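Engineer: the following comprises the amino acid sequence and a computationally predicted model.
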Amino acid sequence: MSENRFVVCLSNEGYPASLEPRKLYEWLDDPQAESKGMLRIIDESGEDYLYPKAFFAQVSVPGELAERLHKMAATSSSRGSARALS
């Protein structure tokens, strides 16, 4: 598994069903999107989509907690959609 990175949502302007302010989201590595000011985020649908980088602030999550969050997200995602986090 690649490095776990998490962000907290600061704004959901234009995406009220997909993002919740003050909520923690997993951020997937996508250098091409990041070069355009976007982040690839696992949103409320359990799928990954691009959102403006300005909507988020990166947070530091200790390794053990990051693993637990990743497992929780994978479980939630597999219940809500066919795509599980890898």
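Structural biologist: Good, I have the coordinates. Numbering: from 1, shown residues only.
Engineer: helix or strand for residue 33, which one?
Structural biologist: Per DSSP states H and E, residue 33 falls inside helix 31-35.
Engineer: only C-alpha atoms, please: export that helix in PDB.
Structural biologist: The C-alpha coordinates for helix 31-35 follow below in PDB (Å, rounded to 0.1, in the frame of the first residue of the first chain):
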ATOM      1  CA  PRO A  31       0.800  14.100  -9.300                       C
ATOM      2  CA  GLN A  32      -0.900  15.200 -12.500                       C
ATOM      3  CA  ALA A  33      -4.000  16.400 -10.700                       C
ATOM      4  CA  GLU A  34      -1.800  18.000  -8.000                       C
ATOM      5  CA  SER A  35       0.100  19.900 -10.700                       C
END
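Engineer: show me the strands in this structure, by range?
Structural biologist: Ranges of strands within the chain are 6-9, 24-28, 38-42, 48-52, 56-59, based on DSSP state E.
Engineer: which one of those strands lies nearest to residue 72?
Structural biologist: Minimum separation from residue 72 across these (CB to CB) falls at strand 24-28, 9.9 Å. In this view, the C-beta of every residue, glycine as well, is placed from N, C-alpha and C.
Engineer: packing partners of that closest one?
Structural biologist: Packing partners of strand 24-28 (3 or more CB pairs under 8 Å, 6 or more residues apart in numbering; DSSP states H and E): strand 6-9, strand 38-42, strand 56-59, helix 63-80.
Engineer: so which of those gets nearest residue 49?
Structural biologist: Of all the helices and strands packed on strand 24-28, it is strand 38-42 that lies closest to residue 49, at 6.5 Å by CB to CB.
Engineer: parallel or antiparallel, which strands does that closest one pair with?
Structural biologist: Strands that pair with strand 38-42, judged by DSSP bridges, come out as strand 24-28 (antiparallel), strand 48-52 (antiparallel).
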